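Colleague: Sequence first, then the predicted structure, then my questions.
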Amino acid sequence: MTESKRILDMVKSPADVKCLTDEELAILCRELREEMVEVTSRTGGHLASSLGAVEIIVALHSLLNCPDDKLVFDVGHQAYAHKLLTGRRDAFPTLRQIDGLTGFPNPAESPYDAHPSGHASDSLSVAMGLAKARDIAGGANKVVAVIGDASLAGGMAFEALNHIGQDQTRMVIVLNDNGMSISKPVGALVRHLGYLRTRSEYRQTRDALQQAMEAGGVLSRGLVDLGRNMKESMKQFVIPHAMIFEQLGITCTAPVDGHDVAALRQMFRIALESDGPVLVHVITQKGHGYGPSEANPETFHGVSPFDIATGQVKKKAPSAPTYTSVFGDALVREARADKKIVAITAAMKDGAGLDAFSKEFPSRFIDTGITEEHAVALASGLAAGGMKPVVAVYSTFLQRAFDQIVIDNALAERDTVFAIDRAGIVGDDGATHTGAFDIVYMRTIPHMRVLTPSNEAELASALHTALALPGPVALRYPRGAAVGVPVPAEPECWEEGRAHTVREGDDIALLGFGNMVNTALDVADSLSEAGISARVVDMRWAKPIDADAVAQAASCKLVVTLEEGALDGGAGEGVLDVLSSLGAAVPTLLIGLPDEFVMQGKPDQVRARLGLDARGVLARIEEKLASL
């Protein structure tokens, strides 16, 4: 007896989906979920979001002609089914692994990926750009953007909605709403109204009738006003959720069950035929189809490898607490002593380590949602009002609020602390989430100070120092487990711009920033075995740079700077500036992230690939010494 094949095994491209019946598509959806669960149980990944969007993706690919038609994902957390249907099923087990498939859509990986997703709220702008390019070129292809309810709350999404409605751009917006369920009153009548109102005939008849009656006399115009008022009242009564989109000029459907592939295909087919912008409101369940993920969607949003049968995560007990948890605990201690401290996050309460703070100080905790620009400007206002705001945010997301950092905080010299989590290499999430640029962009801003603690004890002291200083201060720390040193009950308050020498030496000076100090210590041990004496300095501050520490380092034969951030414009260049001002002509070697986007993979693998582990750094130093 031959083993029966899955439908998924026969799908090599989206074209193979088009010939399937609704019943076969429903089976395909189940098989896609099984494949996702099986692979992510080994690789980890953004499982819950992808499970919730399976029917959306299957239904769209059954109707679209990608890659000629364009499918743009917001963030990309939900795109695993898309990867599986677009010729990448055999490679799917390499998901998020070094040299494997990326965890997000990536045009360099597949022509079916229209946009390198990874950050929230940008899909509507990108999709509108694709639609406008089509219109200018006289094309006829379809453009669809898939955006979640949380991403839709971002300011950039609202800016795009306003423009799309004003321009009447022909495109479809799929609102993947997993924040609510379909209630009984949302039934056939409301669904029928949604179908009717998305049809081009409805739009044309409505507009033509209104123009004809407005051209008539007073009675005609009165009937128009009456009809308009009745129409708006009925829409507000029956479909109140649609009003904001309708007022922006975007036709909005009634909610449709996001796990009914036949209903989705019917709705999408009509929406794709519309001659203007249509928003299809789809209700989904995050984690749908896998019990543990349905029960704990937050855990399975970005999950580590897990046991399929139980859903239990296979994480090993860390040898030390994470930097994130150390920061969260330290902030709680600081807030107990200072009632002016306020914690702000942009939809990352748990990820930024603020869960305990939110419970102990609910009135001093603010979650703004996915709105980094607003969160940073809000901090300025809080500081102006006498508070001490601490904005806890991932490095890669803080990039979005650069202007608010500059104008609202630095220019105004607000007493604001930016706690920059996930600074440096983040691992599996790759290029869109690597914190490569925070040192660079923060160093360019007047009045800004930048702290780079090297372990958990230093992190507690860096936070204490930042809160004690006037004006804007940033502190950066990496993802993952800390070093394992005890955190002092009474953190130090550091002198501004003063480094700390942790090992004396005369031959080579290793000036480390952040977690690279620990790498420098390992390198110094190896150099010592070769008879080379290495000074190791924990620079602590990326801005201002300690000129005295640099001057002392200049007495050595070679000065090496080490940072887990972009080299161009980074802390190492700050050291070069100081050496230049001192007139010191000493050989230098700058080690950090190269001028390229960092690949995904386990952090230690990525560091080894980039030459940022102890072995790689040592090899670079030996090569430099050989050339002197």
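Modeller: Received, thanks. Since we're looking at a predicted model, the values are computed, not measured. Residues are numbered from 1 along each chain as shown.

Colleague: Next, count neighbours for the closest residue in space to residue 125 that isn't next to it in sequence.
Modeller: Once flanking residues are discounted, residue 125 sits nearest to residue 160: 4.4 Å by CB to CB, 6 or more residues apart in numbering. In short, each C-beta sits where N, CA and C put it, glycine included. The tally of other residues near residue 160 (other CB atoms under 10 Å) stands at 25.

Colleague: What sits closest to the most centrally placed residue in the chain if chain neighbours are left out?
Modeller: Closest residue to the average C-alpha location of the chain: residue 119 at 4.1 Å, with CA atoms, centre = their mean. Of all residues not flanking residue 119 in the chain, residue 432 sits nearest, at 6.3 Å (CB to CB, 6+ apart).

Colleague: separation between the one you found and residue 76?
Modeller: According to CB to CB, to the nearest Å, residue 432 and residue 76 sit 8 Å apart.

Colleague: before we move on, back to that, in three-state terms, how would the residue nearest to residue 125 be classified?
Modeller: Here residue 160 is recorded as helix under DSSP: H, G, I helix; E, B strand; the rest coil.

Colleague: give the contact list for it.
Modeller: Counting by CB atoms under 8 Å, 6 or more residues apart in numbering, residue 160 touches 124, 125, 128.

Colleague: ok, now residue 81?
Modeller: 29, 32, 36, 50, 53, 54, 57, 58.

Colleague: before we move on, back to that, who touches both of residue 432 and residue 76?
Modeller: The contact sets of residue 432 and residue 76 overlap at 104, 117, 118 (CB under 8 Å, 6+ apart).

Colleague: Surely residue 485 and residue 456 touch.
Modeller: Yes - assessed by CB atoms under 8 Å, residue 485 is found in contact with residue 456 at 6.2 Å.

Colleague: Dig out what residue 283 forms beta bridges with.
Modeller: With DSSP bridges as the criterion, residue 283 is bridged to residue 177, residue 257.

Colleague: Counting neighbours, what do you get for residue 153?
Modeller: Other residues close to residue 153 by other CB under 10 Å number 16.

Colleague: Also residue 529?
Modeller: By other CB under 10 Å, 7 other residues sit near residue 529.

Colleague: ok, now how distant is it from residue 628?
Modeller: To residue 628, residue 529 is 20 Å away according to CB to CB.

Colleague: what's the spacing between the strand ranked longest in the chain and its chain's center?
Modeller: Of all the segments of type strand in the chain, defined by DSSP state E, the longest one is strand 558-566. Mean-position distance between strand 558-566 and its chain equals 27 Å (CA atoms, centre = their mean, to the nearest Å).

Colleague: what does the next helix or strand after it contact?
Modeller: Where DSSP states H and E defines the elements, the next helix or strand beyond strand 558-566 is helix 571-582. With CB under 8 Å, 6+ apart as the contact definition, helix 571-582 has outside contacts at 439, 443, 452, 511, 513, 539, 542-543, 545, 547, 550-551, 554, 559, 561-563, 565, 567, 586, 588, 590-592.

Colleague: Next step: those residues restricted to helices.
Modeller: 439, 443, 547, 550, 551 (DSSP state H).

Colleague: CA atoms only for the longest strand of the chain, dumped as CSV, please.
Modeller: In CSV, the C-alpha atoms belonging to strand 558-566 read as follows (Å, rounded to 0.1, in the frame of the first residue of the first chain):
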residue,chain,number,x,y,z
LEU,A,558,47.9,49.0,19.8
VAL,A,559,44.5,50.3,20.8
VAL,A,560,41.5,48.0,20.0
THR,A,561,37.9,49.1,20.4
LEU,A,562,35.2,46.5,20.7
GLU,A,563,31.4,47.1,20.4
GLU,A,564,28.4,45.1,19.4
GLY,A,565,27.0,47.8,17.2
ALA,A,566,27.6,49.4,13.8
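
Colleague: State the paired neighbours of that strand in the sheet, together with their directions.
Modeller: Strand 558-566 pairs in its sheet with strand 508-512 (parallel), strand 588-593 (parallel), by DSSP bridges.

Colleague: Turn those strands into a markdown table, columns for distance to residue 392.
Modeller: Formatted as a markdown table, the strands paired with strand 558-566 follow (distance: least, CB to CB, whole Å):
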| stretch | distance to residue 392 |
| --- | --- |
| strand 508-512 | 24 |
| strand 588-593 | 23 |
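
Colleague: between those strands, which one is nearest to residue 165?
Modeller: Comparison of the strands paired with strand 558-566 against residue 165 by CB to CB identifies strand 588-593 as nearest, at 40.9 Å.

Colleague: Give me the buried stretch members for the closest one, please.
Modeller: For strand 588-593, the neighbour count (16 or more other CB atoms under 10 Å) marks 588, 589, 590, 591, 592, 593 as buried.

Colleague: Can you tell me which of those residues is nearest residue 280?
Modeller: Lowest distance from residue 280 to the buried residues of strand 588-593 (CB to CB) belongs to residue 593, with 40.8 Å.

Colleague: I'd guessed the closest one sits against residue 566; true?
Modeller: Yes - the criterion here is CB under 8 Å, and residue 593 meets it with residue 566 at 5.1 Å.

Colleague: Give the residues shared as contacts by the two.
Modeller: With CB under 8 Å, 6+ apart as the test, residue 593 and residue 566 both reach residue 436.

Colleague: which regions of the stretch 301-450 of the chain sit below the pLDDT cut-off?
Modeller: 317-318 (pLDDT under 70).

Colleague: show me where it has helices.
Modeller: All helices of the stretch 301-450 of the chain, identified by DSSP state H, counting those that start in this stretch, fall at 323-337, 355-360, 372-384, 395-398, 402-403, 438-443.

Colleague: any weak-confidence spans in the stretch 51-200 of the chain?
Modeller: 180-200.

Colleague: change it to 80
Modeller: The stretch 51-200 of the chain contains residues with pLDDT under 80 at 179-200.

Colleague: before we move on, back to that, so which of the ones in helices among the contacts of helix 571-582 is surrounded by the most neighbours?
Modeller: For the ones in helices among the contacts of helix 571-582, the largest number of neighbours (other CB under 10 Å) sits with residue 439, at 33 neighbours.

Colleague: Under a three-state scheme, what state does residue 474 occupy?
Modeller: Of the three states, residue 474 takes strand according to three-state DSSP.

Colleague: ok, back up a step: which one of the strands paired with strand 558-566 lies nearest to residue 80?
Modeller: Nearest of these (CB to CB): strand 588-593, 28.0 Å.

Colleague: Double-check residue 539 against residue 509; I have them as touching.
Modeller: No - if you go by CB under 8 Å, residue 539 and residue 509 don't touch, sitting 10.8 Å apart.

Colleague: In contact with residue 248, which residues?
Modeller: 161, 162, 164, 165, 166.

Colleague: And the strands in the stretch 151-300 of the chain?
Modeller: Remark: strands assigned in the stretch 151-300 of the chain by DSSP state E, counting those that start in this stretch are 172-177, 251-252, 256-257, 278-283.

Colleague: Dump these into a markdown table; add distance to residue 325 and mean neighbour count as well.
Modeller: Shown next, in a markdown table, are those (distance: least, CB to CB, whole Å; neighbours: other CB atoms under 10 Å):
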| stretch | distance to residue 325 | mean neighbour count |
| --- | --- | --- |
| strand 172-177 | 31 | 26 |
| strand 251-252 | 42 | 22 |
| strand 256-257 | 39 | 22 |
| strand 278-283 | 35 | 26 |
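
Colleague: Dump those into CSV; add distance to residue 350 as well.
Modeller: Formatted as CSV, the strands of the stretch 151-300 of the chain follow (distance: least, CB to CB, whole Å):
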stretch, distance to residue 350
strand 172-177, 21
strand 251-252, 32
strand 256-257, 29
strand 278-283, 25
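
Colleague: closest one to residue 5 among those strands?
Modeller: Comparing the strands of the stretch 151-300 of the chain by CB to CB, strand 256-257 comes nearest, at 28.9 Å.

Colleague: on that earlier part again, okay, residue 485 and residue 456: which has more neighbours?
Modeller: Counting neighbours by other CB under 10 Å for residue 485 and for residue 456 shows that residue 456 has the greater number, 26 against 12.
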